[in-house]
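**Student:** The amino acid sequence is not available; the structure is as follows:
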């Protein structure tokens, strides 16, 4: 896993993936006590950065292999990213999703042409289900984060951040990414190491599911006690990946942790100040910038809003925090 | 009023105004029966395209005149656009706003450093109030639409659409703009005439406040019966402007009209499919693309989401349309 793989992914993604802007607002700066820059991957195709990794992986397959189809397991955003990438390549996709994923994500994944297989997040092993189906149908399994091609695709976000930060005159800053298994954060970290060494990647996670923060503190992979129960469903994973964690450990600053309530408040601010729809798991980095200012260095901070696939009832709860 | 003024505005705006992307979604295409392209000016600074006109006008003033300050009257978006443009130029701004404007717009305008003067939309004449204050303090009045520099600034949206449509391979399409006094639509129309003659500008308005559609049908300026009562507050104006209407008449197709309920539904779809926050007045063009497909020609349609400054209670009503 290296920067050349990210650059190669950027070439495959060119013209197919949106180059999202880098946004800011004086109102957010006031709250955070420094300039806040937002990379809105909620505006990416399928509503999250996961389309980058999906396209990267699907586009890199041998055509004869790709034609048999792909399979992915995901709480929703990776599902949509892979499904849409497969559809645009004209190949079948099977997506294995937890039965308690947001309705919108399940519906969207089906509407994007994928065959959706639901499993119970508490009692069933999605890895085993996925591996069995992949073997049976000769589908290529596209893992949500612990796959070099997927990390490379997510890392293109970091290439864009490096370039956009330079354009904005930002030489030094923390770059906070919403972190589940670490695919986005590790990809960004590698891109920044090569292209913007003054920028440092950091993870943001919800309380109770701060496996990356605790793993970084311990210097070794540490699991979460629970596997569900946060509204930040998109980034609730058991532990950092075997491929991603060594990258996080080498390159990232200390992990940041916010509450579900703070994630909801951040959604409210993104609504008010940026006119963006963020999902809870996609808002934890912004929440960290706004509400953990003592744990962040420098005059500027860059955050990802990594996804916007949120059901309206959760979004209404976030709007209520504005009153 | 001509294309050279828009090109000159584009040079003044360069580096200060966001070049918003052109977004799409297969889900919106399915509803509309053709490809739908969205120009999200809700992502512009201050949450609407009005910052373009504000910057264009403020930046064009003689420095000695500009230093005395500017004044504007507006239901909110022009207010914020002018206030922020003035703040960034380091000059004072007085903004005259209707007392029933959304709370968020009034609060934002004050927070952007402007002195806000409220008036009663039903009983008071904002033009008279503005003119008196402008004379007393030697402020330069920046009208919301019937001002060549403002139209030129809004027209830069059209220059971007022309370029982005060419990049997307769109040679022929209707370009629907949310229309109040006609500043945005007329500016876009002039830009398209010069840069993308296969694209045709059209107006979208809420029922009951369809002065542009009726004026276009009649061939002469026609007033609205009421001056308030739509949730589309941003685009409720008495009539098209004296400068804007001749441009609309010469260049635009028939005006499109949607209901408030359809505007709310369009907000819901923008939330779901584009992860964008649209305000009702900023969603009427998308509503027209989605719900007036028989009145639109061609395989592609381009719409502006012209603003996103919406209070959370109205937005919650829009989310309820998704159930």
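**Tutor:** That came in fine, so what should we check first? Everything quoted here is computed from the prediction, not taken from an experiment.
**Student:** CA atoms for contacts and neighbours, from now on please.
**Tutor:** Fine.
**Student:** which stretches of chain A form strands?
**Tutor:** A:35-40, A:70-73, A:93-98, A:115-119, A:140-141, A:173-178, A:199-206, A:256-258, A:300-305 (DSSP state E).
**Student:** Walk me through the domains of chain A.
**Tutor:** Residue ranges for the domains of chain A, per automatic domain parsing: A:3-49+A:148-320, A:50-141.
**Student:** any idea how far the last one is from the chain center?
**Tutor:** Which is domain A:50-141. Computed by C-alpha atoms, centre = their mean, to the nearest Å, the chain-centroid distance of domain A:50-141 equals 16 Å.
**Student:** any idea of the mean pLDDT for that domain?
**Tutor:** Across domain A:50-141, pLDDT averages out at 92.
**Student:** Point out the residues in chain A that sit beside chain B.
**Tutor:** Within reach of chain B by C-alpha under 8 Å from any C-alpha of the partner chain, chain A has these residues: A:25, A:42-43, A:45, A:47, A:271-278, A:308-309, A:312, A:316, A:319-320, A:322.
**Student:** and residue A:124, what is it in contact with?
**Tutor:** By C-alpha atoms under 8 Å, 6 or more residues apart in numbering or on different chains, no residues touch residue A:124.
**Student:** One more: the one 3 residues further on?
**Tutor:** Contact criterion C-alpha under 8 Å, 6+ apart gives residue A:73 as the residues in contact with residue A:127.
**Student:** how much space is there between it and chain B?
**Tutor:** Using C-alpha to the nearest C-alpha, to the nearest Å, residue A:127 is found at 30 Å from chain B.
**Student:** would you list every one of the helices in the stretch 201-323 of chain A?
**Tutor:** Ranges of helices in the stretch 201-323 of chain A, per DSSP state H, counting those that start in this stretch, are A:211-218, A:244-251, A:260-269, A:280-291, A:312-320.
**Student:** Let me fix that, I meant to ask about the stretch 51-200 of chain A.
**Tutor:** A:63-66, A:77-89, A:103-111, A:126-137, A:148-167, A:183-195.
**Student:** With distance to residue A:242 as added columns, please give those in a markdown table.
**Tutor:** Below are the helices of the stretch 51-200 of chain A laid out as a markdown table (distance: least, C-alpha to C-alpha, whole Å):
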| stretch | distance to residue A:242 |
| --- | --- |
| helix A:63-66 | 25 |
| helix A:77-89 | 18 |
| helix A:103-111 | 27 |
| helix A:126-137 | 15 |
| helix A:148-167 | 11 |
| helix A:183-195 | 11 |
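**Student:** Please list all residues in contact with the residue nearest to residue A:117 when sequence neighbours are not counted.
**Tutor:** Once flanking residues are discounted, residue A:117 sits nearest to residue A:96: 4.6 Å by C-alpha to C-alpha, 6 or more residues apart in numbering or on different chains. Each residue near residue A:96 by C-alpha under 8 Å, 6+ apart is listed here: A:71, A:72, A:73, A:74, A:79, A:116, A:117, A:118, A:119, A:126, A:130.
**Student:** Identify the residues contacting the fifth one.
**Tutor:** It stands for residue A:79. So residue A:79 contacts A:72, A:73, A:95, A:96, A:97, A:109 (C-alpha under 8 Å, 6+ apart).
**Student:** correct me, but the last one touches residue A:80?
**Tutor:** Yes. Taking contact to mean C-alpha atoms under 8 Å, the distance of 5.0 Å between residue A:109 and residue A:80 places them in contact.
**Student:** In terms of neighbours, single out the busier of those two.
**Tutor:** residue A:80 (32 against 27; other C-alpha atoms under 10 Å in any protein chain shown).
**Student:** who wins for neighbours among the contacts of residue A:96?
**Tutor:** Highest count within the contacts of residue A:96 by other C-alpha under 10 Å belongs to residue A:79, 33 neighbours.
**Student:** if I look at that residue, how far off is residue A:314?
**Tutor:** 20 Å (C-alpha to C-alpha, to the nearest Å).
**Student:** Equivalent analysis for residue A:117, please.
**Tutor:** If you go by C-alpha to C-alpha, the gap between residue A:117 and residue A:314 works out to 24 Å.
**Student:** Residue A:223 too?
**Tutor:** In terms of C-alpha to C-alpha, residue A:223 sits 27 Å off from residue A:314.
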